[in-house]
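> kindly generate the corresponding structure for this input.
(chains A and B)
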Amino acid sequence: AQSVTQLDSQVPVFEEAPVELRCNYSSSVSVYLFWYVQYPNQGLQLLLKYLSGSTLVESINGFEAEFNKSQTSFHLRKPSVHISDTAEYFCAVRTKAAGNKLTFGGGTRVLVKP
Amino acid sequence: ETGVTQSPTHLIKTRGQQVTLRCSSQSGHNTVSWYQQALGQGPQFIFQYYREEENGRGNFPPRFSGLQFPNYSSELNVNALELDDSALYLCASSSASGRLSTGELFFGEGSRLTVL
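Got it, this is the predicted structure:
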C-alpha cells in the first residue's frame, strides 16, 4: 500500500515571496506522482505530474516539483507567488497498475497575503 | 471548467437514509472514479467504473455502491447513512483505465453531503 505525507497543513506566505510545499511518500513499488490544486468551492485540478524521465517537472503557471527517489519526496515550489495562488494543494501517488486509484496526502492550505 | 458535472451540489440527510449522487463525465471519457473528501482531509478513493463495470475499489464497505451507464455517466449510492459519511463526494473522469491511465483525472466540483 502507498501513503503520502504532506508535512505542512497550512503555509502563510506574502505575495511575491517563494513557497515550498513538502510531500513525502512511501511505497514498495515504483509510483507516479502528482500535485493537484483545489481553489475555494471548486474541484481538484491537475497542476503537474511525474511519470518518468526528467525528475524536475514544471507547470504552466510557474510551479515546479522535483522527484527525489532516494528521499521519496516530491516537493512543490514556486519562486514568486500571487494572490491567485491561494488554494489547497494535494500531493498524490499511484502505482503503474493502480489505474485511477490515487492516494492523496492530507493537503496543504496556502494563504497568500498582500 | 473540467466538463464534469455533479448533482446535487449540496444535500442533507439523516442517519439511516439512502442517497444517490450523480455525475456526468467529460465528453470522450469512458472511466469514472469516485472519491470521498472529509473536512480537512485529502480525497479517498471509493471505486472506479470502466465500461459499466466496477474495476477497482478502495477501503469502503458494500453499502457504498455505484453504476455506470452506456453514456459513461455514473451514480454513487450510499445506503444506511452514518454520521461519518458527511463529506464532499468528488467524481472524476478520465479517458483511460489501468496501466494506460496517466493518472490525470478531471474532477467535478463535488456533492457536499451532510448526515444529521
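> so what touches the helix or strand hosting residue B:67?
Using DSSP states H and E, residue B:67 sits within strand B:64-68. Strand B:64-68 has contacts (Cβ atoms under 8 Å, 6 or more residues apart in numbering or on different chains) with B:32, B:34, B:46-47, B:49-54, B:74-79. To be clear about C-beta, it is placed using only N, CA and C from the backbone, and glycine gets the same treatment.
> quick one, which of those residues are buried?
Buried subset of the contacts of strand B:64-68 (neighbour count, 16 or more other Cβ atoms under 10 Å in any protein chain shown): B:32, B:34, B:46, B:47, B:49, B:50, B:74, B:75, B:76, B:78.
> which of the contacts of strand B:64-68 sit farthest apart?
Within these, two members stand farthest from each other by Cβ to Cβ: B:51 and B:79, at 24.7 Å.
> and the strands in chain A, which stretches?
Taking DSSP state E as the criterion, chain A carries its strands at A:3-5, A:10-14, A:19-21, A:24-26, A:31-38, A:44-50, A:56-58, A:64-68, A:73-78, A:87-95, A:103-104, A:108-113.
> near chain B, which residues of chain A show up?
A:4, A:6, A:32, A:34, A:36, A:41-46, A:49, A:51, A:90, A:92, A:94, A:96-107 (Cβ under 8 Å from any Cβ of the partner chain).
> buried among those? Need that as a selection in ChimeraX.
To isolate the buried ones among those in ChimeraX, judged by 16+ other Cβ under 10 Å, type:
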select /A:4,6,32,34,36,43,44,45,46,49,90,92,94,98,99,100,101,102,103,104,105,106,107
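> what's the closest non-adjacent residue to the residue positioned nearest the centre of chain B?
Central residue of chain B (Cα atoms, centre = their mean): residue B:34, 2.7 Å from the mean position. Distance criterion Cβ to Cβ, 6 or more residues apart in numbering or on different chains; nearest residue to residue B:34, sequence neighbours excluded, is residue B:46 at 4.3 Å.
> just the buried residues of stretch A:24-42, please?
A:24, A:25, A:27, A:31, A:32, A:33, A:34, A:35, A:36, A:37, A:38.
> reformat those as a markdown table; add distance to residue B:65.
Shown next, in a markdown table, are the buried residues of stretch A:24-42 (distance: Cβ to Cβ, whole Å):
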| residue | distance to residue B:65 |
| --- | --- |
| A:24 | 34 |
| A:25 | 30 |
| A:27 | 29 |
| A:31 | 29 |
| A:32 | 28 |
| A:33 | 31 |
| A:34 | 27 |
| A:35 | 31 |
| A:36 | 26 |
| A:37 | 30 |
| A:38 | 26 |
